[in-house]
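S.K.: here you go, sequence then predicted model.
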Amino acid sequence: MSTLKQTLFQKIEAHRPRIARLLKEHGDVELGKVTIAQAIGGARGVRCLVTDISYLDPYEGIRFRGKTIPETFEALPKVPGSDYPYVEGFWYFLLTGEVPTMEQTLEVVEDFKTRARVPEYVYDLLRAMPRDTHPMTMFSAAILAMQRESNFARRYNEGMTKFEYWDPMYEDASNLLAKLPAIAAYIYRMKYKADTPIAADPTLDFGGNFAHMMGIDKPYDDVARMYFILHSDHESGNVSAHTTHLVASALSDCYYALSAGINGLAGPLHGLANQEVLRWTQALMDRLGDQEPTEEVIEKALWETLNSGQVIPGYGHAVLRKTDPRYSSQREFCLKHLPDDPLFKLVNMVYQVAPKVLQEHGKAKNPWPNVDAQSGVIQWYYGVKEYDFYTVLFGVGRAIGVLANIVWDRALGYPIERPKSVTTEMLEQAAGID
Ligand code: CMX
């Protein structure tokens, strides 16, 4: 058994009694009440999900296993010659809560290499799809198609006990995650680069190999590592994480669950917002032509979007109430690597104006930028200008967090999810309306 799997098993064994005790001795303790606004309004703020993998504070932003983004980047072993850590070490960290040593990280790097080969039928399936299919549809279909590989489904059919669930779930999650860079890069090269896929380089790590298969030079390998880590997890209530968790709660395997989560990520209010930001910004640039952008012009464009009933993509958040540290982290990267890029400068100017406009507009509870406001700028700079691909990059990253979560869901025996619905009449009765 690998060091990661052994460590994970020890953590699971230590954690199980905590959940059992909470349920047995304190199951009736209230965490809060549910209001009518919450029942109608997408369960905003209702505390009914449990995860130890990340926690989102509205003002501080995300912490992965207790660490902020800068602390996470600082703590994890880095790829030699790179500024960012191995994604494989981050996977170890999310699963176990322990920062791996370089040796433990490299063990995962080697383990992933043995799992990374994508079955040929996945490529056949992708090739059979019309080329104008959205890359998120292709990505989701490729993941779903591999369901026949599931260890969990096979072991379940053979009859395993509940206490064993985590093991094939871990195997499936690792197998699936290791294949995602190759699938994503294949979609990109097939769809946008005249069908010229690049074979994997077995000497490279997760992020390095992705950059190689995309056909983009350094420091795009670091861009990939940063992206995948930043987009990995945002506690459990967001659509992609919650969907993955919900589907897996029916004991559907990782392939079914992740494919569903990716479908949720493909919505414009969630992950697709990164492509929408670029679409919006490019339209503004086209309009500007040779004219220098000014705050007045940007303000006018923002108001036009709002007045036409659309949202400002990349701004606002259901939980956050400040600038997303994932935005800030990418901004720091831009300041270091592309400070004079015109698109970066424009996005920066939007950042000066949009919060004020959204505040004046008076609807959004959070007028500050989220992760998606900045991410396309970096991709564009390194030549990935096909912005409908951006959400696939988010998806590869998001898989790390949601797969780690559903391994733990099975380890801790979380049951099938089944909240209760009520009728409008019941709400009216509760409100005392005649
Ligand atoms: N532009 C315009 N209006 C906005 C807005 C924005 N960026 N953000 C919120 N609002 C509006 C909402 O549409 C809502 O309007 P109605 O009352 O007419 O329905 C009102 O403000 C209140 O919304 P909220 O409570 O502040 O935000 P929600 O929790 O309902 O939604 C989110 C959160 C992210 C969907 C929303 O802010 C939004 O649509 N943002 C733009 C899309 C985006 O960037 N999504 C990516 C989020 C990060 C991610 O998941 O990837």
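M.R.: That came in fine, so what should we check first? Only a predicted model underlies this, so the values are computations on that prediction, with no experimental measurement involved.

S.K.: in this structure, what residue is nearest the ligand?
M.R.: Evaluated by C-beta to the nearest ligand atom, the chain has residue 316 as its residue closest to the ligand, separated by 2.2 Å. Just so you know, the C-beta spots here come from the backbone N, C-alpha and C atoms, and that holds for glycine as well.

S.K.: who are the neighbours in contact with residue 58?
M.R.: With contact taken as C-beta atoms under 8 Å, 6 or more residues apart in numbering, residue 58 is in contact with 319-322.

S.K.: ok, and the closest non-adjacent residue to it?
M.R.: Once its chain neighbours are removed from consideration, residue 58 has its nearest residue in residue 321; the separation is 4.3 Å (C-beta to C-beta, 6 or more residues apart in numbering).

S.K.: what's the burial count for the one you found?
M.R.: 13 (other C-beta atoms under 10 Å).

S.K.: ok now the helix or strand residue 399 falls within, how far from the chain's centre?
M.R.: Element membership for residue 399, per DSSP states H and E: helix 390-411. Using C-alpha atoms, centre = their mean, to the nearest Å, the mean C-alpha position of helix 390-411 is found 6 Å from that of the whole chain.

S.K.: how about stretch 89-106?
M.R.: Relative to its parent chain, stretch 89-106 has a centroid offset of 19 Å by C-alpha atoms, centre = their mean.

S.K.: re the thing from before, the residue of the chain closest to the ligand contacts residue 361, doesn't it?
M.R.: No. Here residue 316 lies out of contact with residue 361, judged by C-beta atoms under 8 Å, at a distance of 10.7 Å.

S.K.: any idea how far apart the tips of stretch 303-323 sit?
M.R.: 21 Å (C-alpha to C-alpha, to the nearest Å).

S.K.: may I see the buried residues of it?
M.R.: Along stretch 303-323, the positions that meet the burial threshold by neighbour count (16 or more other C-beta atoms under 10 Å) are 305-306, 311-320, 322-323.

S.K.: ditto for stretch 349-366
M.R.: Counting neighbours by 16+ other C-beta under 10 Å, one finds that the buried residues in stretch 349-366 are 349-351, 353-355, 357-358, 364, 366.

S.K.: which of those are close to the ligand?
M.R.: Applying C-beta under 6 Å from any ligand atom to the buried residues of stretch 349-366, one finds that 364, 366 fall near the ligand.

S.K.: report the secondary structure state of residue 55.
M.R.: Secondary structure assignment for residue 55 (DSSP: H, G, I helix; E, B strand; the rest coil): strand.

S.K.: contacts only, for it.
M.R.: Applying C-beta under 8 Å, 6+ apart, the residues contacting residue 55 are 62-63, 66, 235.

S.K.: what's next to the helix or strand following the helix holding residue 399, contact-wise?
M.R.: Downstream of helix 390-411, the next assigned helix or strand under DSSP H and E is helix 424-430. In this structure, residues lying in contact with helix 424-430 by C-beta under 8 Å, 6+ apart are 36, 39-40.

S.K.: any of the residues you listed buried? List them.
M.R.: If you count burial by 16+ other C-beta under 10 Å, the buried members of those come out as residue 39.

S.K.: helices - which of the contacts of helix 424-430 land there?
M.R.: When helices are assigned by DSSP state H, the members of those inside them are 36, 39-40.

S.K.: shaky segments in this structure?
M.R.: Residues of the chain meeting the criterion pLDDT under 70: none.

S.K.: the helix holding residue 399 near the ligand anywhere?
M.R.: No. With C-beta under 6 Å from any ligand atom as the criterion, the ligand is not reached by helix 390-411; the gap is at least 7.1 Å.

S.K.: can you pull the alpha-carbon coordinates of that helix into PDB?
M.R.: Taking Å, rounded to 0.1, in the frame of the first residue of the first chain, the C-alpha atoms of helix 390-411 are listed here in PDB:
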ATOM      1  CA  TYR A 390     -11.400  27.900 -19.800                       C
ATOM      2  CA  THR A 391     -14.000  26.100 -17.800                       C
ATOM      3  CA  VAL A 392     -12.400  22.800 -18.600                       C
ATOM      4  CA  LEU A 393      -9.200  24.100 -16.800                       C
ATOM      5  CA  PHE A 394     -11.400  25.000 -13.900                       C
ATOM      6  CA  GLY A 395     -12.900  21.400 -14.100                       C
ATOM      7  CA  VAL A 396      -9.500  19.700 -13.900                       C
ATOM      8  CA  GLY A 397      -8.700  21.700 -10.800                       C
ATOM      9  CA  ARG A 398     -12.200  21.300  -9.200                       C
ATOM     10  CA  ALA A 399     -11.800  17.500  -9.600                       C
ATOM     11  CA  ILE A 400      -9.000  17.500  -7.100                       C
ATOM     12  CA  GLY A 401     -11.200  18.900  -4.300                       C
ATOM     13  CA  VAL A 402     -14.500  17.100  -5.100                       C
ATOM     14  CA  LEU A 403     -12.900  13.700  -5.600                       C
ATOM     15  CA  ALA A 404     -11.000  14.000  -2.300                       C
ATOM     16  CA  ASN A 405     -14.300  14.900  -0.700                       C
ATOM     17  CA  ILE A 406     -16.300  11.900  -1.900                       C
ATOM     18  CA  VAL A 407     -13.500   9.500  -0.900                       C
ATOM     19  CA  TRP A 408     -14.000  10.900   2.700                       C
ATOM     20  CA  ASP A 409     -17.800  10.800   2.300                       C
ATOM     21  CA  ARG A 410     -17.600   7.000   1.800                       C
ATOM     22  CA  ALA A 411     -15.000   6.700   4.500                       C
END
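
S.K.: show me the contacts of residue 55 that map onto strands.
M.R.: If you go by DSSP state E, those have 62-63 in strands.

S.K.: so which of the buried residues of stretch 349-366 sit within helices?
M.R.: 349-351, 353-355, 357-358.

S.K.: residue 95 is in contact with residue 407, isn't it?
M.R.: Yes. Residue 95 is within contact range of residue 407, at 6.7 Å (criterion: C-beta under 8 Å).

S.K.: mind listing what residue 196 touches?
M.R.: Residue 196 is in contact with 189, 215, counting by C-beta under 8 Å, 6+ apart.
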